[in-house]
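Chemist: model this:
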Amino acid sequence: MLKRIKIEKLFDLFDYTIELKEEGITILTGPNGYGKTTILKILDALASKNGFFFIRLLFKEIIFEFSGREVVTLEKKGANEVLIKIDGKSYGRSIVFNKGKVSEFLRHNPFIREVGDDRWLDRRTDSFYDTEALLQNVLPNFQEFSDSLLPIKLPGIPRVPSVYFIREQRLLRPVQAGRRRDIYQKGHMDEEIPNVFCKTIEEYAKELRGTIKETLARSSEITQELDSSFPRRLFDQQEEISSSDFNRRFGRVKDIQNALGKYGLSDIKEDSHPTYKQENAKALCVYIDDIEKKLAVFAGFLDKLKTFTDILNERRFTFKRIDISKDDGFKFSTEHGKPLALGDLSSGEQQEVVLLYELLFKVQPGTLVLIDEPEISLHVAWQKQFLDDLFKIVELQKVSVIIATHSPQIISDHWDLTIDLEEISRCSSI
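Modeler: Now for the predicted structure:
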C-alpha cells in the first residue's frame, strides 16, 4: 500500500511531501498551477508503467514509499532519461526516450500518419493519439522498439498500487471508430477524421445490463447444478440443523429475496417460511444450504445496487428516481412515474450517476482511486454530501481515495483530510 509521495522540483518549482491519510481518503487542495491533477497523473503513470509521462514531466526526483518499507525512486537525468531506483539502489535500467529510433519507426511504418501538431492517426483502427498515447499504446506492439522507452518494469515491487483514475472529463468517452476503408479508397486521408464519442451514462447503463445478465446466468447454472443433485444429497445427508440456526439463516435468505424482487432481478415470489420440525432437520439443512449457495452470487452485487440507488434517490434527485432494470441496466422516471431518457438528465445529474457507478461497479477492492474535481457541475448541497457518501463506498469497496479539488463544499467539515499544496510549498521555501 502506498504511504507517502515525495516530489522534488515539480515544474522546477515545488517540493512536496504528501502523507496519505489513514482514514482512506486524502484531499489535495491548492490554487491552479500547483500540480494537484499532475500528482494524480503521476500515480496513474506509475501504476500503468507509462515511462513516457515521466520523460515529459519536469521534475528532479519522485519517491514513492510503500508499507513494508519498499521505496521506488524516479530521478530525472537530462531531458530524455529517468533513472529508476529501488530501495535506494540503482535498478540497472533507465527510462530512455530515443528520438532517433522513434523517428525511424514512424518513417518506416505505413500504419501511422501525422495529422497535426502532437496528433497521430493509426490507419489500422482509425484511432487518433497524441504523442504520449501513441508511444504508450502503439509502439509496445513492435518488439524492435520496445527497449527504446515504453513501460517501466518494476518486478519485485508487489505493492505498486492498482490505480483507477476518474478524470475531470467524465460525461463523454472516446469510441474506436473502426476501419473506414471507403475513406482510404477515395483518397481522403488528408482530411481530418473526428474522434467518435459516446455518452458515458448510456454506456454504463448497457454495461450494468450486461452485468445483470451475466450474474443471473451464473445463478441459473448454480441452481441447475444443485437441483440435479438434490435427491442424492438429501438421502445422504447426516447433519441436522437446529431451529434457531434455521430461522436465523432463513431470515437472511428472505432479505436477499426481497432485494432481488425490489430490483426486478427475480420473478420468483419470496419463499413462505417452512415450519421447522425436528423430524425434517436433515432435509431442512440441505434446503437452506442450497438456497444460500444459489443466492451467494448476488450478495456483493446487491450491496452495490443498494448504495447506488439509495444515494441517488434519497440524497440527490428530488423530482426523479433511478430504478434497476434487467432490460435497461438502470433507468429514470419523474416523480409521477413518467419515463425519462438518460439524456434528459442535467449535466450535474449525469456527473453524479457516472461518478457513483465508477466507484461502485468499475473499481476493484484494494485499488487506489484518483478523483479529479468531483465538484464539477454538482449543486452545492450535493458537494457537501459527497464525502459522507464516499466514506460508505470506501468501506464497502475496500479502496483508498485521493481527491484533487478546489471546492470547500466538497471538503465540508473534513479539513483534517486535506493537504494544502500552497501551504507545503510556502513552508518548504522558508
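Chemist: separation between the nearest residue to Lys392 once chain neighbours are set aside and Val394?
Modeler: In space, Lys392 comes closest to Thr307 once its chain neighbours are excluded; the distance is 6.4 Å by C-beta to C-beta, 6 or more residues apart in numbering. All C-beta atoms are positioned from the backbone trio N, CA, C, and that covers glycine. According to C-beta to C-beta, to the nearest Å, Thr307 stands 11 Å off from Val394.
Chemist: hmm, the residue nearest to Lys392 is touching Ile393, no?
Modeler: Yes: contact between Thr307 and Ile393 holds when scored by C-beta atoms under 8 Å: they sit 6.6 Å apart.
Chemist: what do these two both touch?
Modeler: Both Thr307 and Ile393 are contacted by Leu360, under the criterion C-beta atoms under 8 Å, 6 or more residues apart in numbering.
Chemist: show the pLDDT at the residue of the chain positioned farthest from its centre.
Modeler: Here the chain reaches farthest from its C-alpha mean at Glu279, the gap being 51.1 Å by C-alpha atoms, centre = their mean. We have a pLDDT of 91 for Glu279.
Chemist: tell me where the model's unsure across the stretch 251-400 of the chain.
Modeler: Low-confidence segments of the stretch 251-400 of the chain, defined by pLDDT under 70: 267-273.
Chemist: and the strands in it?
Modeler: Listed in chain order, the strands of the stretch 251-400 of the chain (DSSP state E, counting those that start in this stretch) span 320-325, 329-334, 339-340, 368-372, 400-404.
Chemist: make CSV out of these and add distance to Phe386 and mean neighbour count.
Modeler: Putting the strands of the stretch 251-400 of the chain into CSV (distance: least, C-beta to C-beta, whole Å; neighbours: other C-beta atoms under 10 Å) gives the following:
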stretch, distance to Phe386, mean neighbour count
strand 320-325, 17, 18
strand 329-334, 20, 18
strand 339-340, 23, 12
strand 368-372, 10, 23
strand 400-404, 9, 25
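Chemist: quick one: which of those is nearest Glu202?
Modeler: Proximity to Glu202 (C-beta to C-beta) singles out strand 329-334 among the strands of the stretch 251-400 of the chain, at 9.4 Å.
Chemist: just to revisit the earlier point, from Leu360, how far off is the residue nearest to Lys392?
Modeler: Where Leu360 is concerned, Thr307 sits at a distance of 6 Å (C-beta to C-beta).
Chemist: need the overlap of contacts for the two.
Modeler: Ile393, Leu396.
Chemist: any idea what sits nearest Ile324, other than its immediate chain neighbours?
Modeler: Tyr263 (4.1 Å).
Chemist: next up, the contacts around the closest residue to Leu312 other than its chain neighbours.
Modeler: Leaving aside its sequence neighbours, Leu312 sits nearest to Ile322 (C-beta to C-beta, 6+ apart; 4.8 Å). Ile322 sits next to Phe308, Thr309, Leu312, Asn313, Phe330, Lys331, Phe332, Val353 when contact means C-beta under 8 Å, 6+ apart.
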